[in-house]
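Enquirer: Here is the input, now give the coordinates:
(one chain, ligands or ions: 1)
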Amino acid sequence: MQLPVQDEILACLQFVFPEIEWKLDEIVSFYKAIGIMNLSGRPYAEREKKLFEVVFFADHVVRCVENISRRRDIVLLDCGCGRSYLPFFVNLVLRKKRRTIIYIGVDAEPELVKKSSQTADALGYTNMEFHQSSIIAFEPEKKPNIVCALHACDTATDEAIAKGIRLKARFIVAASCCQRQIVSQIGKAATKVPELKPFVETKIAKEYVGVALTETLRKLALESCGYKVDMFEFVPTRYTPKNIMLRAEKKQAQNPESLKAYSALRDYFNVKPKIQDFLPELL
Ligand SMILES: C[S@@+](CC[C@H](N)C(=O)[O-])C[C@H]1O[C@@H](n2cnc3c(N)ncnc32)[C@H](O)[C@@H]1O
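Expert: Okay, here's the model as predicted:
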């Protein structure tokens, strides 16, 4: 019997990827194999929302792949891949679309890397490799055209964005897990700019300002380095409130106007964004 949650998954897959013919038994086997569903074909409670998040995020990664000529090699670097639900799902979609890529996942946790490699072997996904490393220290053998990061923790998103810029990736796609680093710093801003005090007096306002400030600084950092950036909500909030996506494409060498805007915003709020540690050109 088809479970209501399976109906919802099928509807979501058909909505996001209508060009693919989805078969329920095939996707249930796939989700069981990657460890999102239990043996009865029901998502594990703590992973159910992740399943939907991954589908919506994958849409943007797949679009990047489809913007690259079939004549080129495509290398995708996934930063902070964790249990690799995103890599496996993107790989499934691209196989269905007959696009060949090399998929590299990197994560700091050795156990997760080992598990991801075992799952890739079990699925016969020979085009995928997983490495244990910090994002910023990782030097892939093949240059990626796409760098992505889904909910890499706090400043790990800064590492991913900086890594993509350093590696001159054409596309960078990131959705942050939290904005703790900047949220913890914005209290200081009110000591310099009294008009900001009301924003830092309540926890909720401080968090909203911190989220908007973090993502806008990241957007400006990317733009300073020559990327065109879209910033938007990539998944309905009922699946996750952590739904701000930065989707960037390299268009020019640098953008001095964006660098000016970045410095002005940073200095107004008196914060030290982590991304600068990895991109000294922002200082
Ligand atoms: C919240 S999980 C998200 C995992 C996966 N992207 C997903 O959405 O299911 C964050 C992952 O980033 C990894 N991570 C955090 N900081 C990292 C860093 N600096 N370098 C490499 N991996 C990191 C953690 O080990 C963890 O697996």
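
Enquirer: Around the ligand, which positions in the stretch 51-200 of the chain sit nearby?
Expert: Residues of the stretch 51-200 of the chain lying close to the ligand (Cβ under 6 Å from any ligand atom) are 80-83, 85-86, 107-109, 112, 134-135, 150-153, 156, 159, 177. (Glycine included, C-beta is placed from N, CA and C.)

Enquirer: switch the cut-off to 5 Å
Expert: Contact residues, the stretch 51-200 of the chain versus the ligand (Cβ under 5 Å from any ligand atom): 80, 82, 107, 108, 109, 134, 135, 150, 151, 152, 153, 156.

Enquirer: And those, which is closest to residue 9?
Expert: Among those, residue 150 lies closest to residue 9 (Cβ to Cβ), at 18.0 Å.

Enquirer: What is the helix or strand of the chain with the lowest mean pLDDT packed up against?
Expert: Every helix and strand of the chain was ranked by mean pLDDT, DSSP states H and E. The lowest is helix 189-192, at a mean of 81. When contacts are defined as 3 or more Cβ pairs under 8 Å, 6 or more residues apart in numbering; DSSP states H and E, helix 189-192 sits against helix 197-201.

Enquirer: chain center to the helix it packs on: distance?
Expert: On the basis of Cα atoms, centre = their mean, to the nearest Å, helix 197-201 sits 30 Å off its chain's mean C-alpha point.

Enquirer: Excluding chain neighbours, give the residue nearest to the residue of the stretch 151-283 of the chain found nearest the ligand in space.
Expert: In the stretch 151-283 of the chain, no residue comes nearer to the ligand than residue 156, which is 3.4 Å away by Cβ to the nearest ligand atom. Leaving aside its sequence neighbours, residue 156 sits nearest to residue 80 (Cβ to Cβ, 6 or more residues apart in numbering; 5.0 Å).

Enquirer: And residue 275, by the same measure?
Expert: residue 158 (4.0 Å).
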